[in-house]
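Peer 1: Here's a sequence, model it:
(one chain, ligands or ions: 1)
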Amino acid sequence: MIEAPWCGVCGYAFPSKAIDPNQALCGACRRGLYRFDVARAYGPFQDSLREIIHHLKYGRHPSLARPLAVRLTSVYEAHRHSLQADWLIPVPLHPARERERGFNQAVEISRHFSRLAGVPLAWRWLLRTRPTQVQAGLTRRERRSNVNGAFDVSKGAEIQGKTLLVIDDVFTTGATLNECARILKQRGAAKVAVLSVARVIKE
Ligand SMILES: [Zn+2]
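Peer 2: Residues are numbered from 1 along each chain as shown. Take a look at the predicted model:
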């Protein structure tokens, strides 16, 4: 689990324990860089959590989505006041990438999490309309421009005035999740929260 103290908005875990958790904001949130209202994650992207996610995505083991969804449910229960939502929105892959992998890990995790947490899953309301480079190896700025305008909201999506919870496997710099939140809010969502299994924490 991510250990306190963490940023009140994006959930970034501070390496130093000498920070007052009641008024802690990270640099990115002090500068107002994120469009989502709140983000939380189960644990740091390291050790066994990193291995499980890697097996799920690249070893093609979609069955690993369930134990990850169980971990997400524990975070959801602990932060229910800030994460409660009308709909779950998995971060979409571009159709070409999804075909290549055979599944979308965010959808697989969301399907289990939806049943466990009792929040309905919105299928294909958020679309990835432009293929993007793999984010690994890109700087924070490059990641932002790589995903800029890469998403759209489908015509039938009922997000007007709704509270949405966007689900992904890993929160790295937040560029992808931020872009998802930006378009969802632009199209009328009242609130966008983010929940990921893992969070990249710089040492
Ligand atoms: Zn923050």
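
Peer 1: so where's the chain shaky on pLDDT?
Peer 2: Applying pLDDT under 70 to the chain picks out residues 203.

Peer 1: And the helices in it?
Peer 2: Assigned by DSSP state H, the helices in the chain fall at 27-30, 47-58, 65-78, 80-83, 95-101, 105-117, 140-147, 175-186.

Peer 1: Nearest approach to the ion belongs to which of the ones you listed?
Peer 2: If you check each of those against the ion by Cβ to the ion, helix 27-30 wins as the nearest, at 3.3 Å. In short, each C-beta sits where N, CA and C put it, glycine included.

Peer 1: can you pull the buried residues of stretch 79-95?
Peer 2: Ser82, Leu83, Ala85, Asp86, Trp87, Leu88, Ile89, Pro90, Val91, Pro92, Leu93, His94 (16 or more other Cβ atoms under 10 Å).

Peer 1: of all these, which comes closest to Ala41?
Peer 2: Leu83 (11.3 Å; Cβ to Cβ).

Peer 1: is it true that that closest one touches Arg40?
Peer 2: Yes - if you go by Cβ atoms under 8 Å, Leu83 and Arg40 touch, sitting 6.4 Å apart.

Peer 1: Out of the helices of the chain, flag the one nearest Lys162.
Peer 2: Nearest of the helices of the chain (Cβ to Cβ): helix 175-186, 9.1 Å.

Peer 1: and the closest one, how far out from the chain's middle?
Peer 2: Offset of helix 175-186 from its chain centre (Cα atoms, centre = their mean, to the nearest Å): 10 Å.

Peer 1: repeat for stretch 8-19
Peer 2: For stretch 8-19, the distance to the chain centre is 18 Å (Cα atoms, centre = their mean).

Peer 1: how far does it stretch from start to finish?
Peer 2: Counting by Cα to Cα, to the nearest Å, you get 12 Å between the two ends of stretch 8-19.

Peer 1: what number of residues lie near the closest residue to Ala175 other than its chain neighbours?
Peer 2: Distance criterion Cβ to Cβ, 6 or more residues apart in numbering; nearest residue to Ala175, sequence neighbours excluded, is Arg143 at 3.9 Å. If you count neighbours by other Cβ atoms under 10 Å, Arg143 ends up with 22.

Peer 1: Alright, calling it a day.
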